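Undergrad: return atomic coordinates for the entry below.
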Amino acid sequence: MRITPRLGAGVAVLALLLPLAGCTDPGEELTAKLADSLAASLSDHTLSDVELTNPKATEVFDEQIAPLADYPVKVTADDVEREGGKATVELHWSWDIEGHTWEYSTTAALLEDEESEWAVDWATDTLIPELGPNERIEIAREFGPRADVVDTAGTAIVTSRPVGRYGLDKANTPPDQVGTSAEAIANALGLDPAAFRAQAEAAGAQAFVEGLVVREGQEAQYVKPEFASIPGALRVADEVTLAPTRTFAREILGVVGDATAEIVEKSEGAIRPGDRVGLSGLLKTYDDQLRGTPTTRIHAVEGETRRELAAWKGEAGKPVAITLDLAMQTEAEQILSSLSGENAPASALVAIRPSTGEVLAAANGPGNGGMNAATAGEYAPGSTFKLVTSLALLRSGLSLDDVLACPTTLDVDGYTFHNFDDYPASGIGAVSFRTALANSCNTAMIGARDRIDPADITSAAATLGLTKAPDLGFPLVLGGVPKPEGETERAADLIGQGRVTASPLGMATVAASIAAGRTVVPHLIDGKVAEPDPKAPLTDAEAASLQELMRAVVTDGSATFLASIPGAPVGAKTGTAEYGDANADGAYAKHSWMIGTHGDLAVAVFVETGVSGAQTAGPLLQAFFEKW
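TA: Got it, this is the predicted structure:
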């Protein structure tokens, strides 16, 4: 008998099973898709892209989530659990609140309508567990006291100080009196009457319109006596983060104020509108450290009932210590205040402690217009740079008693160099290296240029600290010695003209390095220091010769007016540098420099436009050394 395989029945069964295996539940697909869409929308703080059983739920949701809208959140959905036309899905929320993680889970209900369409049956407790429909979310952020900027002994420099806020209290001013009172208040505070009136009239009926903030004890300087009798005039006592005086190292320290929109945006949520932050200077650079982090609390509030949903304790700010000496900085600013007035030139006075590199004073004059010339300005250093040139010449084998030629003029590649106007006739001719430096003979330095090349000058500058500045946490420029373009520029570089530049801090560093007998790297932030690494360290013999040259400037040269300073012997170097374009008479404006050493103190004084180093900057250095 022939046996035939029974394939037909098996094939038929397989044909029936294949369609069944490929089928999925439409409701399962729809609810899963809806759950994923809900999680994605909630992660974007919205319900607008989600099908809802009650579209008006979006309005309630938007109102309740508004206080949280700026905080990032990630919402994920579990698998949907469905029974007939009803389903639920568990949502997992993870918020980033001020750097803290807030996690919880809620359950969302999904309903199927008569047309087999699914929608979210939103409830307020789907946003936050047990959140009622009439509850609102409140977020309280409270910073502790802002930390101080202190000196190395821990004495507060920038700290909370009492002030008075002077302005108009509209709530207690008759409406028809607001404009008149505002103008009177403006006159009493030295403000623009029309502008303050417009500001007052535009403010709300209950507003306090602030006109001026005045330090306690300085009211007589800024507030006229008639302020107290003006209807609606009000002084509100407050405390504000301030330095000891309005001018104290302002260009370096900066100020604290309300966060700008730009600062808020760049902070990525760390800073909120109304926060007090550093707006400039070191107070901005170290704002995170000084400000600390806020204590943050999230509450659900309904009427008088308040319940806490989450809370995180903030961290107090930490002080920033700087090396400025309160008395020295104050004295330096007082000395520079003599250069005041409408056309006052920019000026600076920088003092360094050679033994440590600490910046003790970094004062900017009233003519700077907010510019930090002291530590970040770049100017032609004039004859103060001759100390760098002197080091290069010493390294070439020149000794202090060797004779140099100091003619009245010297031609270099078609350009005629002169000595300064008041150069002593006794210093002309064949003079010792010591005498040439003491009297600041331009032609002698330029005439010795064949002994050295530009690389020698660059090396000597680096040895004395005049080089690319390291990052030490504050605005810092020391100086630059670019390769000269041509013989004339090479000659000009030797006397601090050409394209050589230095900051007042840089020239104070040169003086400090000579006094210390080693390369000094100045620092302002306590503990934030850098080790010098010159290719050619300063030797004891080089330091001694440079110290002798600086002393000769005082005993026999252009700064004899400093010889009577009591205490340790004073060393100095004057400097004058032409800059800008010549006037109709062919004369140039002149930077005036003076650097000096006095015990464990190295100082540079700079005046952007003056007569000469000795005549303009000299008396300022003298006044500082007489005090210190």
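Undergrad: next helix or strand past the lowest-mean-pLDDT helix or strand in the chain?
TA: Using mean pLDDT, DSSP states H and E, the weakest-scoring helix or strand in the chain turns out to be helix 7-22, at a mean of 45. Using DSSP states H and E, the helix or strand that follows helix 7-22 in sequence is helix 26-43.
Undergrad: and the helix or strand just after that next one, what does it pack against?
TA: Per DSSP H and E, the first helix or strand lying C-terminal to helix 26-43 is helix 57-65. In terms of contacts (3 or more C-beta pairs under 8 Å, 6 or more residues apart in numbering; DSSP states H and E), helix 57-65 is packed against strand 136-142. C-beta: built from backbone N, CA, C; applies to glycine.
Undergrad: give the buried residues for the strand it packs on.
TA: By neighbour count on 16 or more other C-beta atoms under 10 Å, the buried set for strand 136-142 is 137, 139.
Undergrad: so how far is the helix or strand just after that strand from its chain's centroid?
TA: Going down the chain from strand 136-142, the next helix or strand is strand 149-150, by DSSP H and E. Relative to its chain's centre, strand 149-150 lies at 15 Å (C-alpha atoms, centre = their mean, to the nearest Å).
Undergrad: who's in contact with strand 149-150?
TA: By C-beta atoms under 8 Å, 6 or more residues apart in numbering, the residues outside strand 149-150 that reach it are 156-159, 243, 253, 282-283, 286, 290, 319-322.
Undergrad: one more pass at 7 Å, please.
TA: The contact list for strand 149-150 (C-beta atoms under 7 Å, 6 or more residues apart in numbering) reads 156-158, 253, 282, 319-322.
Undergrad: same check on stretch 538-550?
TA: For stretch 538-550, using C-beta under 7 Å, 6+ apart, the contacting residues are 387, 390-391, 394, 400, 434, 437, 463, 513-514, 517-519, 571-573, 597.
Undergrad: again, only using 6 Å
TA: 390, 394, 400, 437, 463, 514, 517-518, 571-573 (C-beta atoms under 6 Å, 6 or more residues apart in numbering).
Undergrad: ok, stretch 476-485 next?
TA: So stretch 476-485 is in contact with 375-376, 378, 454, 457-458, 461, 466, 469, 490, 493, 499-503, 506, going by C-beta under 6 Å, 6+ apart.
Undergrad: just the buried members of the contacts of stretch 538-550?
TA: By 16+ other C-beta under 10 Å, these give 390, 394, 400, 437, 463, 514, 517-518, 571-573 as buried.
Undergrad: from those, which is closest to Pro294?
TA: Distance to Pro294 across the buried ones among the contacts of stretch 538-550 (C-beta to C-beta) is lowest for Arg518, with 46.1 Å.
Undergrad: ok, now which ones touch the closest one?
TA: Leu538.
Undergrad: quick check: it vs Ala512, distance?
TA: Distance, Arg518 to Ala512, by C-beta to C-beta, to the nearest Å: 10 Å.
Undergrad: do Ser94 as well
TA: For Ser94 relative to Ala512 (C-beta to C-beta), the value is 55 Å.
Undergrad: more neighbours: those two, which one.
TA: Ala512 (34 against 14; other C-beta atoms under 10 Å).
Undergrad: which non-adjacent residue is nearest that one?
TA: Ala602 (3.7 Å; C-beta to C-beta, 6 or more residues apart in numbering).
Undergrad: Thr463 now?
TA: Closest to Thr463 by C-beta to C-beta, 6+ apart is Pro534, at 4.6 Å.
Undergrad: am I right that the one you found sits in a helix?
TA: No - read with DSSP: H, G, I helix; E, B strand; the rest coil, Pro534 is coil and lies in no helix.
Undergrad: what does it show for phi and psi?
TA: phi -70, psi 150 (degrees, to the nearest 10).
Undergrad: now stretch 418-432: buried residues?
TA: Buried-residue list, stretch 418-432, by 16+ other C-beta under 10 Å: 419-420, 423, 427-428, 431-432.
Undergrad: contact partners for the residue nearest the centre of the chain?
TA: Nearest to the mean C-alpha position of the chain, counting by C-alpha atoms, centre = their mean, stands Gly281 at 3.2 Å. Gly281 makes contacts with 252-254, as judged by C-beta under 6 Å, 6+ apart.
Undergrad: need the pLDDT of Asn583.
TA: Predicted confidence (pLDDT) for Asn583: 89.
Undergrad: that one - how many residues pack around it?
TA: Asn583: 9 neighbours (other C-beta under 10 Å).
Undergrad: checking it next. Helix, strand or coil?
TA: coil.
Undergrad: that one and Ala405, how far apart?
TA: 32 Å.
Undergrad: go ahead and confirm Val256 touches Val240.
TA: No - here Val256 does not reach Val240: they are 7.5 Å apart, not a contact under C-beta atoms under 6 Å.
Undergrad: and Met177, how many residues sit next to it?
TA: No Met there; residue 177 is Gln. 15.
Undergrad: nearest residue to it in space, ignoring adjacent ones along the chain?
TA: Pro231 (5.4 Å).
Undergrad: cool, and Leu42?
TA: Val75 (4.2 Å).
Undergrad: and that neighbour, that's in a strand?
TA: Yes - secondary structure of Val75 (three-state DSSP): part of a strand.
Undergrad: does it touch Ser41 like I think?
TA: No - Val75 is not in contact with Ser41 according to C-beta under 6 Å; the separation is 8.5 Å.
Undergrad: for Glu358, grab phi and psi.
TA: phi -70, psi 130.
Undergrad: quick one, what contacts it?
TA: Here Glu358 is in contact with Thr323 (criterion: C-beta under 6 Å, 6+ apart).
Undergrad: what pairs with it across the strands?
TA: Judged by DSSP bridges, the bridge partners of Glu358 are Arg353, His523.
Undergrad: how near is it to Ala589?
TA: For Glu358, the distance to Ala589 - C-beta to C-beta - is 33 Å.
Undergrad: gap between stretch 215-226 and the chain center?
TA: 30 Å.
Undergrad: also stretch 556-568?
TA: Distance, centroid of stretch 556-568 to centroid of chain: 39 Å (C-alpha atoms, centre = their mean).
Undergrad: and the end-to-end length of that stretch?
TA: 17 Å (C-alpha to C-alpha, to the nearest Å).
Undergrad: got the contact list for that stretch?
TA: Taking C-beta under 6 Å, 6+ apart as the rule, stretch 556-568 contacts 438-440, 553-554, 570, 572, 574, 598-599, 614, 622, 625.
Undergrad: residues of that stretch that come out buried?
TA: 557-559, 562, 565.
Undergrad: please apply the same query to stretch 229-249.
TA: 230, 232-235, 241-244, 247-249.
Undergrad: turn those residues into TSV, including distance to Glu183.
TA: Shown next, in TSV, are the buried residues of stretch 229-249 (distance: C-beta to C-beta, whole Å):
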residue	distance to Glu183
Ile230	10
Gly232	12
Ala233	12
Leu234	16
Arg235	18
Thr241	31
Leu242	29
Ala243	32
Pro244	34
Thr247	30
Phe248	33
Ala249	36
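Undergrad: quick check: the two most widely separated of those residues?
TA: Gly232 and Ala249 (37.3 Å).
Undergrad: show me what contacts Gly167?
TA: Counting by C-beta under 6 Å, 6+ apart, Gly167 has contacts 208-211.
Undergrad: ranges for the helices of the stretch 251-400 of the chain?
TA: 261-266, 281-285, 287-291, 326-336, 373-376, 386-395 (DSSP state H, counting those that start in this stretch).
Undergrad: and the last one, what's its mean pLDDT?
TA: Yep, that's helix 386-395 we're talking about. 98.
Undergrad: what about the residue nearest to Thr609 when sequence neighbours are not counted, neighbour count?
TA: Distances taken as C-beta to C-beta, 6+ apart place Pro345 nearest to Thr609, at 4.2 Å, with adjacent residues excluded. Neighbour count of Pro345, defined by other C-beta under 10 Å: 19.
Undergrad: ok, Pro345 - contacts?
TA: Pro345 is in contact with 367, 607-609, counting by C-beta under 6 Å, 6+ apart.
Undergrad: what do you get for Lys573?
TA: So Lys573 contacts 384, 387, 550, 553, 595 (C-beta under 6 Å, 6+ apart).
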